[in-house]
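Asks: Everything below, folded, please.
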Amino acid sequence: MKFAWIISAALLLIACERVKQPTEKPLTPLAPVQGAADNDKFGITDSGMDLLSRSDVKRFIDSELTRGHYDQRQLEDFFQNVLFKPSIIRGMDRPGTSLPWYSFVQNNANKLRINNGRLFLKNNQSVLTAVANRYGVAPELLVAIIGIETNYGGNMGSFRVADALTTLGYHYPRRAAYFQRELVEFLQLAYEEKRNPFSFKGSFAGAMGMPQFMPSSYRQYAVDWDGDGQRDIWGNTGDILASVANYMKKHGWRTDQPVAVPVTLQINSQLQQIIDQPTEMKFTAGQLRQLGVSIPQQISNQEKGILYQLEQSPGVYEYWFGLNNFYTIWQYNHSRHYVAAVRQIANGLSYSTSKL
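Replies: Numbering: from 1, shown residues only. Just a heads-up that it's a prediction; the model follows:
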């Protein structure tokens with residue numbers, strides 16, 4: 001196969017050049033990594049052990065060989081040339097969504113973020129309208145997603161995705177299984193897109209492009225909007241917006257329906273217990289009304305949703321009923337604060353009286 005021959009030739013060239021001083025070629029596997037710290041090392045674990053000596057890496061390679069996309073030499077070369085990056089581990093242990101709402105919203109859905117979103121919306125009105133009509137997803141929501149994810153493309157991440165996924169897959173036990181599965185998806189998509197795995201850049205968690213898709217989401221939901229044969233979620237606005245819209249539609253987005261509605265209640269232990277439960281579409285509006293929650297009349301008793309709170313200032317809370325579209329956005333990022341911030345940006349972009 002032509003692609004396999006190209007990859008084999010490239011890896012042979014890399015192997016030959018190991019005896020030479022490496023040159024500055026940004027996407028070459030052995031090239032110097034700009035900004036790399038002194039403790040970033042090629043092909044080792046945090047304990048200094050060669051990755052290829054690990055039994056779990058050997059099992060990974062054996063499993064990949066059964067797919068027939070890469071040979072033994074290519075896979076071993078991949079694991080010898082990934083970088084272990086301790087800074088990624090530190091980033092995973094400081095999630096921004098752990099902040100209280102009043103801090104999180106200032107960082108992620110402030111006036112500057114909304115104003116930049118209005119400019120993006122204005123500059124891309126035609127493709128936004130076309131994508132929104134095709135998928136039935138509000139254009140303001142699409143803009144809000146890429147706004148909170150990457151500040152409209154201003155910060156898509158500078159880590160090699162290969163480094164991020166191997167660092168987390170083999171140095172972060174708490175979520176190692178998840179990131180090893182994403183590494184499988186990543187090598188598959190690199191093969192499908194006919195690209196060198198080391199050419200992909202993304203976040204410290206391996207999320208890519210303006211939508212910050214993980215490899216599995218890229219493979220499932222990324223869209224070639226303009227039919228040029230590529231699903232470019234880094235620089236093609238149509239592909240980017242259609243990919244987000246496709247994700248939302250596939251996860252149950254309901255056209256012209258709100259995300260959440262404000263409610264009033266007298267908090268008690270039973271309601272607080274409901275609020276503190278895992279995020280699921282478990283309770284109906286009717287059930288919550290029977291418990292003393294005042295929900296706007298336009299929400300039927302049969303409508304399922306999520307009761308949640310937002311801390312507006314220390315110890316001061318607002319209460320909300322998140323509907324189907326709330327849960328759809330939550331599946332994009334498992335944080336109630338994230339969904340509330342997306343909603344706030346989207347509503348800030350819209351001059352309509354109808355709000356999400």
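
Asks: ok, the helix or strand containing residue 318: who's next to it in the sheet?
Replies: Following DSSP states H and E, one finds residue 318 within strand 316-322. The sheet places strand 316-322 alongside strand 260-263 (antiparallel), strand 304-313 (antiparallel), with pairing taken from DSSP bridges.

Asks: Helix, strand or coil: sort out residue 126 for me.
Replies: State at residue 126, reduced to three classes by DSSP: H, G, I helix; E, B strand; the rest coil: helix.

Asks: Let me know the average pLDDT across stretch 173-192.
Replies: Averaged over stretch 173-192, pLDDT sits at 96.

Asks: Give me the contact list for it.
Replies: The contact list for stretch 173-192, computed with Cβ atoms under 8 Å, 6 or more residues apart in numbering, reads 3, 56, 60, 63-64, 67, 69-70, 78, 92, 161-162, 165-166, 168-170, 172, 196-197, 200, 206, 214-216, 218-219. Bear in mind the C-beta positions are built from the backbone N, C-alpha and C, glycine included.

Asks: Helices along the stretch 251-356 of the chain, start to end?
Replies: Counting by DSSP state H, counting those that start in this stretch, the stretch 251-356 of the chain has these helices, from start to end: 269-276, 285-290, 324-332, 336-349.

Asks: And the last one, what does it pack against?
Replies: Translated: helix 336-349. Under the contact criterion of 3 or more Cβ pairs under 8 Å, 6 or more residues apart in numbering; DSSP states H and E, the helices and strands touching helix 336-349 comprise helix 101-108, helix 111-123, helix 139-150, strand 260-263, strand 304-313, strand 316-322, helix 324-332.

Asks: Out of these, which one sits most buried?
Replies: For these, the stretch with the most neighbours on average is helix 139-150, a mean of 25; neighbours defined as mean count of other Cβ atoms under 10 Å.

Asks: Direction included, what does whichever helix or strand comes after that one pair against?
Replies: Using DSSP H and E, the helix or strand that follows helix 139-150 towards the C-terminus is strand 159-160. Sheet partners assigned to strand 159-160 using DSSP bridges are listed as strand 201-202 (antiparallel).

Asks: and the strand it pairs with, what's its mean pLDDT?
Replies: Averaging pLDDT along strand 201-202 yields 96.

Asks: Same question for stretch 324-340.
Replies: Regarding stretch 324-340, the rounded mean pLDDT is 97.

Asks: who touches that stretch?
Replies: Outside stretch 324-340, the residues that reach it (Cβ under 8 Å, 6+ apart) are 97, 99, 101, 104-105, 108, 141, 145, 148, 247-248, 251-254, 257-260, 279, 281, 303-306, 308, 310, 320, 322, 342-343, 356.

Asks: ok, now with 6 Å
Replies: Contact partners of stretch 324-340, identified using Cβ atoms under 6 Å, 6 or more residues apart in numbering, comprise 97, 101, 104, 248, 251-254, 257, 259-260, 279, 281, 308, 310, 342.

Asks: still on that earlier bit, hmm, which of the contacts of stretch 173-192 are the buried ones?
Replies: 60, 64, 69-70, 78, 92, 161-162, 165-166, 168-170, 172, 196-197, 200, 206, 214-216, 218-219 (16 or more other Cβ atoms under 10 Å).

Asks: Residue 286 and residue 299 touch, don't they?
Replies: No. Taking contacts as Cβ atoms under 6 Å, residue 286 lies outside contact range of residue 299: 9.5 Å.

Asks: Same drill for those two, tell me which one is more crowded.
Replies: When neighbours are counted by other Cβ atoms under 10 Å, residue 299 comes out ahead of the other of residue 286 and residue 299, with 19 against 14.

Asks: show me the contacts for that one.
Replies: Contacts of residue 299 (Cβ under 6 Å, 6+ apart): residue 285.

Asks: Can you check the pLDDT for it?
Replies: pLDDT for residue 299: 98.

Asks: With residue 144 instead?
Replies: So, for residue 144, pLDDT stands at 98.

Asks: can you pull the contacts of it?
Replies: Contacts here follow Cβ under 6 Å, 6+ apart; on that basis residue 144 touches 342, 345-346.

Asks: returning to that earlier point: just send the strands paired with strand 316-322 back as JSON lines, with mean pLDDT and distance to residue 51 too.
Replies: As requested, the strands paired with strand 316-322 are arranged in JSON lines below (pLDDT from 0 to 100; distance: least, Cβ to Cβ, whole Å):
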{"stretch": "strand 260-263", "mean pLDDT": "98", "distance to residue 51": "45"}
{"stretch": "strand 304-313", "mean pLDDT": "98", "distance to residue 51": "42"}
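
Asks: Next, the buried residues of the longest helix along the chain.
Replies: The single longest helix within the chain, with elements called by DSSP state H, is helix 176-192. Using 16+ other Cβ under 10 Å as the burial criterion, the residues of helix 176-192 that qualify are 179-180, 182-191.

Asks: Determine which two of those residues are furthest apart.
Replies: Comparing all pairs in these by Cβ to Cβ, the longest separation belongs to 179 and 191, at 18.8 Å.

Asks: Residue 52 versus residue 113, what's the distance?
Replies: Residue 113 sits 44 Å away from residue 52, going by Cβ to Cβ, to the nearest Å.
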